[in-house]
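Engineer: Generate coordinates for the sequence data below:
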Amino acid sequence: MRNRRLPDPVMQSPCRQICRIQAKHCLGCGRTIEQITNWAKYTENQREEIMRQAACTTISQRMLTSVDTATSSEGK
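Structural biologist: Reported below is the predicted structural model:
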């Protein structure tokens, strides 16, 4: 009987394929370049924590972008 290797569980990622860095964070997923680069090396718990933090970062960035856009269009 051969030892069968079970398939690895699917690794979750917050990537939205909107890869643009602003203020040290990706606008799409909210992760830092270091977090994106090392994603596969992190444990599941580390990735979950990063995803929680990234969600907050992404929300903050979107709110700031909305304010910047509204402010710049008012000056026209």
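
Engineer: so where does Asn45 fall, helix or strand?
Structural biologist: Element membership for Asn45 (DSSP states H and E) is helix 44-74.

Engineer: check contacts around the residue nearest to Lys24 when sequence neighbours are not counted.
Structural biologist: Sequence neighbours aside, Thr32 is the residue nearest to Lys24 in space, at 5.7 Å (criterion: C-beta to C-beta, 6 or more residues apart in numbering). C-betas here are computed from N, CA, C, even on glycine. Thr32 makes contacts with Lys24, His25, Cys26, as judged by C-beta atoms under 8 Å, 6 or more residues apart in numbering.

Engineer: Please apply the same query to Gly30.
Structural biologist: Pro14, Gln53, Ala54, Ala55, Cys56, Thr57, Thr58, Gln61.

Engineer: from those, which would you call buried?
Structural biologist: For the contacts of Gly30, a burial check counting by 16 or more other C-beta atoms under 10 Å picks out Pro14, Gln53, Ala54, Thr57, Thr58, Gln61.

Engineer: now the residues you listed in CSV, with pLDDT and distance to Glu44?
Structural biologist: Output for the buried ones among the contacts of Gly30, formatted as CSV (pLDDT from 0 to 100; distance: C-beta to C-beta, whole Å):
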residue, pLDDT, distance to Glu44
Pro14, 88, 14
Gln53, 89, 15
Ala54, 87, 15
Thr57, 75, 20
Thr58, 72, 21
Gln61, 67, 25
